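**Student:** Sequence first, predicted coordinates after that:
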Amino acid sequence: PKTSRVALASATREVLGIGDLIERMLMRASDSFERDNLAKLMDIPPLEARVDRLQQEVKVYLSKLGRMGLSPEDSRRSIDIIDYAINLEHIGDIIEKGLLAQVTKKATLGLRFSEDGHRELRTLFELTLDNLRIAQTIFVTRDFRLARQMMEVKVEVRRMEKESAERHIERLRDGKLESLQTSSLHLDILRDLKRINAHIVSVAHPILDNSGLLIESRLRSVAELDSEPAGRRVHQS
C-alpha cells in the first residue's frame with residue numbers, strides 16, 4: 001500500500017540521518033587522531049546518545065508499521081532498514097567505547113606512532129569514512145554493482161589490517177621506540193576500525209542475498225582462509 005511505502009521512505013531518511021551522525025563521529029575521531037585535538041572528541045558522546053535515541057525510534061516506528069500488515073517486499077525492506085540502523089548503532093558504540101578512549105590516550109600522553117604506523121592507521125581511517133559514504137548510497141539506491149564492490153572492500157580491509165599488524169610486529173622486533181610505546185594502541189585502533197568496517201559492509205548483504213552471491217562470496221572467503229598458512233590464520237583470529 002501507498003501509506004506503507006511513504007512510511008518506509010520516511011524511515012529510510014531517518015536512518016540516513018543516523019549514518020550522517022556516525023560519519024561526524026568518525027570524522028572527529030579521525031581528526032583528533034591526526035591533530036591530537038581533544039576538543040573534537042567531546043562531541044562524540046552526545047552524538048552517540050542521539051544515534052541511540054533515533055535508532056530506537058526507528059525500530060519502534062517500523063515494528064508498529066509491521067503490525068499493520070505489509071507486503072512481503074515491504075516487510076523485507078523494513079527488516080533491512082532496521083538491520084542497517086542496528087549496525088550503525090554498533091559502530092557508534094565502537095567509536096564511543098573504543099576509538100574515543102584510544103585517541104584520547106594518544107593525545108593526553110603525547111604518544112607518537114612511527115611514521116609508517118601513523119600512515120597505515122590514517123589510511124585505514126580514510127578508507128573507513130569512504131566506505132561509510134558508499135554504504136549510505138547503497139542503503140538508498142540498493143545498487144547491486146556497488147554492493148558487490150563493498151564485499152570486495154571487506155577483503156581489502158582484512159588484508160590491510162593484517163599487513164599493518166604484521167608490519168607493526170616487525171617494527172617491535174626491530175626495537176623501534178615509537179612502536180614499543182604505542183604497541184597496544186596501534187593494534188586496538190586497527191581492531192576497532194576492522195570491526196567498524198564489518199558493520200558497514202553488512203549493508204550489502206540483503207542485496208547480494210537475493211541473488212545467492214552472498215553465499216558464494218562467503219564460501220570464497222572461507223576457501224581463502226583455509227589456503228593461508230596456519231600461523232597467519234591464528235594471527236588473524
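**Tutor:** Alright, I've got the coordinates.
**Student:** Now do the contacts for the residue positioned nearest the centre of the chain.
**Tutor:** Geometric centre of the chain, nearest residue: residue 196, 2.5 Å, by CA atoms, centre = their mean. The neighbours of residue 196, taking CB atoms under 8 Å, 6 or more residues apart in numbering as the test, are 26, 91, 94, 95, 128. C-beta here means a position set from N, CA and C on the backbone, and glycine is covered the same way.
**Student:** Who wins on neighbours among those residues?
**Tutor:** When neighbours are counted by other CB atoms under 10 Å, residue 91 leads these with 28 neighbours.
**Student:** which other helices and strands contact the host helix or strand of that residue?
**Tutor:** Secondary structure from DSSP states H and E places residue 91 in helix 72-94. Judged by 3 or more CB pairs under 8 Å, 6 or more residues apart in numbering; DSSP states H and E, the packing partners of helix 72-94 are helix 2-35, helix 44-67, helix 183-201, helix 205-209.
**Student:** Just put these in CSV and tack on distance to residue 82 and mean pLDDT.
**Tutor:** Formatted as CSV, these follow (distance: least, CB to CB, whole Å; pLDDT from 0 to 100):
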stretch, distance to residue 82, mean pLDDT
helix 2-35, 9, 94
helix 44-67, 6, 94
helix 183-201, 14, 92
helix 205-209, 11, 87
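**Student:** Which one, of those helices, ends up nearest to residue 141?
**Tutor:** Closest to residue 141 of these is helix 205-209 (CB to CB; 9.7 Å).
**Student:** Need the residues that contact that closest one.
**Tutor:** For helix 205-209, contacts defined as CB under 8 Å, 6+ apart pick out 76, 79-80, 83, 138, 142-144, 147-148, 151, 214, 217.
**Student:** and the closest residue to residue 188 other than its chain neighbours, what is it in contact with?
**Tutor:** In this structure, residue 188 finds its nearest non-sequential neighbour in residue 102, 5.4 Å apart by CB to CB, 6 or more residues apart in numbering. Going by CB under 8 Å, 6+ apart, residue 102 touches 185, 188, 189, 192.
**Student:** Mean confidence (pLDDT) on the strand or helix carrying residue 102, please.
**Tutor:** Using DSSP H and E, residue 102 maps to helix 100-108. Mean per-residue pLDDT for helix 100-108: 94.
**Student:** quick one: residue 76 and residue 210, what's the gap?
**Tutor:** 9 Å (CB to CB, to the nearest Å).
**Student:** Equivalent analysis for residue 174, please.
**Tutor:** For residue 174, the distance to residue 210 - CB to CB - is 49 Å.
**Student:** and the two? which has more neighbours close in?
**Tutor:** Applying other CB under 10 Å to residue 174 and residue 210 shows that residue 210 carries more neighbours, namely 13 against 9.
**Student:** Identify the residues contacting residue 106.
**Tutor:** 33, 36, 113, 182, 185.
**Student:** of the contacts of residue 196, closest to residue 62?
**Tutor:** Among the contacts of residue 196, residue 91 lies closest to residue 62 (CB to CB), at 19.5 Å.
**Student:** Quick check, the closest one in contact with residue 200.
**Tutor:** Yes - counting by CB atoms under 8 Å, residue 200 is a contact partner of residue 91 at 7.1 Å.
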